[in-house]
Structure formats: structure tokens, C-alpha cells
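**Q** Give me coordinates for this.
(chains A and B)
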Amino acid sequence: MRAFYGCEVTYPFVPQEVLDAANSVRASLPNRYCDPKIAADLYHETLDEYLVADDVGLNVMATEHHAGINSLIGSNPTFVGIIARQTRKARILSLGTLISLRKDPVRIAEEYAMIDVISRGRLEIGLVKSGGSEMASNNANPMQNEDRLWEGIDLICKALSHREGPFSWEGKHFTHRHVNIWPGPYQQPMPKLWAATGDPHSTAECGRRGIINTLVLRGPEGTKKAWDSYKRARREAGLPAPTRDMFGYAAMVYVGQTDEEGMRIGSKILWFLNTSLKTAPQMSKFLPGSAPPEAAPQIYRSKPRPAAISDARNRRTAPRAEEGTTKSASQNAAALISITPEQAVAQGILFAGNPDTVYRQIMEFQRKAGAFGNLNIIGRSGFLTHREAVEGIKMFAREVLPRLADSNRAVCDVGE
Amino acid sequence: MNPTTEGWTVGGIEVELLRGGSGKPALLLHGFQTIGPNAPFLSELAKHCGYFAPSLPGFGASKRPKDFDTIYDLVRHTLDLIEGIASDQVTLMGFSFGGWLAAEAAVMRPAKLERLILVDPVGIRISDRETRDILDIFNVRPDVVRDKTFYNAKRFAPDFDVMSDAELVTYARNRESLCLYTWNPLLYNPQLKTWLRRINVPTLVLWGAYDGIVSPNYGRTYAELIPGARFELIDNAGHQPEIEQPDDFVAHVASFMSRG
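**A** Predicted coordinates for the structure are as follows:
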């Protein structure tokens, strides 16, 4: 198993009364609440954590979010470009710049090729489509978001792998008459691709394209559903069954000396869910495209209709809507915002405790969801300190990773 | 006479059509939401014209053809709709978003266009680059949008708790389509203002005096850009005067339509 350490560079220092009064802690909070001097410290601390991870044999990853307390990484390639030069051995996962928000995929290919070359071939590219408040922050139409993502990916892949001089692209969403990036990527033909997505339609497409699929905080049931879709799509396309290297899972992870320490410190990461997810309704549940129109009765009503209640009684044995379908990202967020540490552990969102406990939690997750070959560690958030993060990284690398990396034993334990 | 709902195919595209009244034909282009068959203004309007109120592609029960996803498509579809009415002369009446489409179509001088009525239309930008003319309906709290839309929101705003499942699904689908067509720039065409001078039919610009989506001042400027256009205010109404003041609204329309 490969493990990737990541920190979103959250900004927890806005007064609670400001956060409580705000309609949204993303997109709309004035940036006067973000002190650039503190932000500088946070960036430096995180880069130092990546260097520690590199030293102890972990890989690293960085995400991108816009204009909120949930992350100060508004430009993923900028951050990953620094990591590319500062680390020496680690694989570097950009997870990733938000493709469907950006107007020119060729520019993305250019940035990634540069980073891959600077790192001498250590980059892996995560393709993320974005949604919610980031549509407003980036002026991106929430409709046709997924179509833009896939066309963008096609264009990025061609730009990264094409070696024969300028080519032309006249697609539905993007046009570019003269694509010819310099340099091309260090890895040939191009770096590995990842996608962080949980909806079955997208995961099926990942399966057909052989893109590594990681699920972020979806729990074992949602993850299994996504991977089943991935596997089925490959089977239906006549492609070989995927190996566990094609799957990843992103969880909050903290390893302490004791269960008490692991849980006490690891619980701090939940700040990301409890505090930094608060988003205005027009940027979440009411945003066009965030849920299918058929979900409108649940989304728009403040209470069930009397008639709807009696309908529900009449079909008591029928599955509830959320059991039959995959939750939308905004529904998922709403469920996570009030989660407790114990619930987070039970739901496979937080792996925390002493080394034995964390190992057992990760293996248990795989028993439920299926084996995966990549663990994306959300290792620091909110008020978890730099010192605690560094200790957690070292403990994970020393006490847990060797057991996970022992592939025979790990596979045997999971029963792949 | 109650309106009837039927399918109407023009230019190979089938749309849902609400039809009523008789006499001079009027093509009604809906706003952010489709026109409800029970809207009181329709029965009044039916006394003065034969109206055709289609649900534009992507709205109501009308499918949106593949790759039909821009204002360019909607404007050409509007020209098809005008041609599809079996009459030599057609009055075009556009509400809000539909008013934008009606203005765009009128700029192209369709042969059968006799009159143009714009009701609180969007579609142009008049202020400086840092002042919004049109409320950002997708990026402002829903309760604020609701209060800005109506003079008397308590009485006229849609009540999601009593709407049927089907009505709510249509409401959400209409918002999706509106978003697809109009997200950026939001609800206007930067080029349209220059070309409004080409409109060469009698034009009435009607405005709700308390419209908080686009202000009456915006409306006055809109009317000034269209040669010979009349600008008339409807009191005690917001962005949808046809909903809040149906009698007054139809009185303005009827008076305009009966002019020589």
C-alpha cells in the first residue's frame, strides 16, 4: 500500500462569532479575516510536514479549494511546484487543480508538465471537477460541469502525451488552435491519472479509462458502490479486472502512542467537517446541477407535505430514497457537518488510535469496501498543530505503514 | 375559456404549448419559470388575443435537444416559433428572461412581427463594470431573491411546502436550464444594447414599480434604446406584474394592442 500525506492548509483563526454569523464560511467571508502573516506560517509548516513525510517514506498530496477557511491552497500547481523541488523521493499527488473551473486545459497541462519535470518524474495527476461554492468563486457554470471535466481531461491528456508539434482542438467546451507544450512531462507517455469522485457515473468512466479512483470520506458503503461501478464498467468494456492499485481512499488519519492520544488529537481533524463545510444554500443545495431535479421535493420543502407523509406510510417496506441512490456531494456534506469523533470512526471517515487500532480500522474498511492500494491521509486540519502533525506522520510511517506495505499479509487479511 | 396544453413542433423541436383566447395572435415567452395554466392574467388576456405560451426547450415539459444550450439557439428558436404561427402578424410578448429573447428576436426584424411587449426584461447592461444591473439570482440567498422578486412576496411567491412533487421538479429543472443558458455573463448579452435601435415595430416596455431584480430605471433606459418605445409602470408589483396585478397588466397590454 502506498500512503500519501496531505494537509489542506485550513485557516481556523477566524473568531467563532464571525463564523456563526456568516451565511457561508466559504466564498463569501471577507479576506480581512485571513492574516497573511499567519497564512505564511501555515504554508511553511505544511511544506515542512511534506519534507518529514518524504524523509520517513510517505508520499505527499495536495488539494485545491477556493476562498474559504477550509483551505488556503487556491492554486494547487503553485503549491505542488514548490513540493516538487523541496522533496526528493516522495511521489507527489496533485488532487488536484479543479479542471472544470479552469478556462484553458492546455494551461493546466503546461503547469503539470513543468511540475513533473522539476520533480524528475514524481508527479501523479488528480482530476477533480469541483462544485458548490467554488462555482461562484470561479465564475464557473455549474451546469455541464461534468462534460467540461471530461473534455478538459481529454485535452490535458493529449497535450501531455503529444510529441509531434502543434495540434488543434475544437471541442464543445474548449477550443485551442495551436497546442504544443514545452517541456512535455518527464514520465512517458505521461504521469498517472487519479480522480476523486464518488458518483457511479464518473467512477464508471474512471474504470473505462483506467484512472485511479479515490473516494473522499465516503465510508465503506458508498465506496463499495463506487468501486463496484468502476469494476462493472471495466467488465462491460471487456477490459481486465482492476488491481487494488487502481483504488484509493481518503480518510482523516492520526496515529498516537495510545488510543486516547490518537483519538484526542485525531478528532481535531474533524474541524474540517464541523466548521469549514458551512456553505450558503444558494451555493449548495439550491445550486443548479448539484442534485437532479427529481430531488427537488426533498430539497425545496421545509417540511414534508401531508400527502407525502401518507404516501410514505403506504410504502413502508419500500427503500428510502437515500438507500437506493448515491448521495449528492451537497447531501454528503450536510450529513458530515454534525459528525462526532465516534461516528466518524464508525463510518470509516476517521482512522485514529494507537498503531494497532489504526491498522485494524484500515483493514476493516477494506473488508467492507474492497481492497485498495492507496491511502490518502488527511493528516492535519483546524487546530491540530504542526508538532502534532509531524508526530502523527512519524508514528504512521514507523508503526502502521510497514504492516500495510507488507502486501502479502495485507491482501491475505483483506481476502482479495 | 380555459387554456389547453398541447405539443407544438417547430423547426423539428417539439415544445409544450399553453394556448387560449382568440383573435390577434400573441406569442408569450416565459421568464425564469414557465407560465402556469391557472395564472389569472391568462383568462383576462384571452379576451384580447389568441395567445401561444410555449415552454422553451429545457423548461416545463419541453425537452432540450442535444447541443441546444445557448441564447443563440433560443433566439433562433423564437424566430421559428413566430414563423410557426399561422398568421401574417404576430405580437411578441416576453417576460423577464423571455423579454430578453423577445428583444433579441425583434432586433432581427422577423417579417411577421407586428408589435413587441417587453415585461421587466433582462438582457442588457447599462451601468459601470462594478455595478450590477440584474440581481444575481443564483448567488444571492433564496429568501432575498424571493423578496426582491415580488412586491407582496407573502401573497405571491411560490410556496414550496404546498407545491406538488411534479411542480417542484419542474421548478428545479427550469432553474437548471436558466442557469445553463444565462450563467455568464449573467442574464445579459453585452452586444444587445447597441442593436436595440434596429427594432422597428411598435414597442411597449412594461415594468413593475417595485421590481428588485431589475429596477424601473433600467427599464426606462431599455425603452429609450428602442426607437419610439413606450415605457409604462405598473404600481404595487415587482418583477412579475402579470402575477401581482393581472388586471392592470392586461389593461396596459390591451390598450397598447388596440392602438392603430
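
**Q** pLDDT weak spots in the chain?
**A** Using chain A. A:306-331, A:407-416 (pLDDT under 70).

**Q** switch to chain B, that's the one I care about
**A** B:1, B:260.

**Q** can you list the residues of it near chain A?
**A** B:67, B:69, B:138-142, B:145, B:160-163, B:165, B:168-173, B:175-176, B:178-180, B:183-184 (Cβ under 8 Å from any Cβ of the partner chain). Every C-beta, even on glycine, is put in place using the N, C-alpha and C of the backbone.

**Q** Apply 7 Å and report the result again.
**A** When proximity is defined as Cβ under 7 Å from any Cβ of the partner chain, chain B approaches chain A at B:138-142, B:160-161, B:165, B:168-169, B:171-173, B:175-176, B:179-180, B:183-184.

**Q** For the residue nearest the centre of chain B, which residues are in contact?
**A** Geometric centre of chain B, nearest residue: B:Phe95, 2.0 Å, by Cα atoms, centre = their mean. Contact partners of B:Phe95, counting by Cβ atoms under 7 Å, 6 or more residues apart in numbering or on different chains, are B:Leu29, B:His30, B:Gly31, B:Val119, B:Asp120, B:Glu242.

**Q** Among those residues, which lie within strands?
**A** Using DSSP state E, B:Leu29, B:Val119 are the members of the contacts of B:Phe95 that sit in strands.

**Q** would you turn the contacts of B:Phe95 into JSON lines with neighbour count and distance to B:Thr194?
**A** JSON lines is the format used below for those (neighbours: other Cβ atoms under 10 Å in any protein chain shown; distance: Cβ to Cβ, whole Å):
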{"residue": "B:Leu29", "neighbour count": "27", "distance to B:Thr194": "22"}
{"residue": "B:His30", "neighbour count": "23", "distance to B:Thr194": "26"}
{"residue": "B:Gly31", "neighbour count": "26", "distance to B:Thr194": "24"}
{"residue": "B:Val119", "neighbour count": "29", "distance to B:Thr194": "23"}
{"residue": "B:Asp120", "neighbour count": "30", "distance to B:Thr194": "21"}
{"residue": "B:Glu242", "neighbour count": "28", "distance to B:Thr194": "29"}
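
**Q** Looking at the contacts of B:Phe95, spot the one nearest A:Ala346.
**A** B:Gly31 (48.1 Å; Cβ to Cβ).

**Q** So what touches the lengthiest helix in chain B?
**A** The longest helix of chain B (DSSP state H) is helix B:165-182. Contact with helix B:165-182 is made by A:141-144, A:288-289, A:293-294, A:296-297, A:300, B:32-34, B:58-60, B:64, B:69-71, B:74, B:97, B:138, B:160, as judged by Cβ under 7 Å, 6+ apart.

**Q** now swap in stretch A:200-220 and tell me
**A** A:146, A:150, A:192-198, A:222-223, A:225-227, A:229-231, A:233-234, A:237, A:242, A:246-251, A:326, A:336, A:347-349, A:365, A:368-369, A:374, A:376.

**Q** Can you say which of these are buried?
**A** A:146, A:150, A:193-198, A:222-223, A:225-227, A:229-231, A:233-234, A:242, A:246-251, A:326, A:336, A:347-349, A:365, A:369, A:374, A:376 (16 or more other Cβ atoms under 10 Å in any protein chain shown).

**Q** of all the contacts of B:Phe95, which comes closest to chain A?
**A** Nearest to chain A among the contacts of B:Phe95 is B:Gly31, at 15.9 Å by Cβ to the nearest Cβ.

**Q** and the nearest residue to that closest one once chain neighbours are set aside, what are its phi and psi?
**A** Distances taken as Cβ to Cβ, 6 or more residues apart in numbering or on different chains put B:Ser96 closest to B:Gly31, at 3.2 Å, once the chain neighbours are dropped. Main-chain torsions, B:Ser96, degrees, to the nearest 10: phi 50, psi -110.

**Q** B:Ser96: what's it in contact with?
**A** B:Ser96 neighbours (Cβ under 7 Å, 6+ apart): B:Gly31, B:Phe32, B:Asp120, B:Pro121, B:Val122, B:His239.

**Q** ok, which pair from those is furthest apart?
**A** B:Phe32 and B:Pro121 (12.1 Å).

**Q** Comparing those two, which shows the higher neighbour count?
**A** B:Pro121 (29 against 23; other Cβ atoms under 10 Å in any protein chain shown).

**Q** Just the element for the closest residue to the more buried one other than its chain neighbours, please.
**A** Leaving aside its sequence neighbours, B:Pro121 sits nearest to B:Gly99 (Cβ to Cβ, 6+ apart; 2.5 Å). Taking DSSP states H and E as the definition, one finds B:Gly99 inside helix B:97-107.

**Q** Remind me what that helix packs against, helices and strands.
**A** strand B:25-29, helix B:71-84, strand B:90-95, strand B:113-119, helix B:192-195 (3 or more Cβ pairs under 7 Å, 6 or more residues apart in numbering or on different chains; DSSP states H and E).

**Q** most residues in a single helix of chain A, which one?
**A** Longest helix in chain A, counting by DSSP H: helix A:36-56.

**Q** just how off-centre is that one within its chain?
**A** Here helix A:36-56 is found 19 Å from its chain centre; the criterion is Cα atoms, centre = their mean, to the nearest Å.

**Q** CA atoms of that helix as CSV?
**A** Written as CSV, here are the backbone C-alpha positions of helix A:36-56 (Å, rounded to 0.1, in the frame of the first residue of the first chain):
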residue,chain,number,x,y,z
PRO,A,36,-1.3,36.8,5.5
LYS,A,37,1.4,36.5,8.2
ILE,A,38,-0.4,33.6,9.8
ALA,A,39,-1.1,32.2,6.3
ALA,A,40,2.7,32.3,5.6
ASP,A,41,3.4,30.3,8.7
LEU,A,42,0.8,27.7,7.8
TYR,A,43,2.1,27.3,4.3
HIS,A,44,5.7,26.9,5.6
GLU,A,45,4.6,24.4,8.3
THR,A,46,2.7,22.3,5.8
LEU,A,47,5.7,22.3,3.4
ASP,A,48,7.8,21.2,6.3
GLU,A,49,5.4,18.4,7.0
TYR,A,50,5.8,17.2,3.4
LEU,A,51,9.5,17.2,3.9
VAL,A,52,9.1,15.0,7.0
ALA,A,53,6.8,12.7,5.1
ASP,A,54,9.4,12.5,2.3
ASP,A,55,12.1,11.6,4.8
VAL,A,56,10.1,8.8,6.5
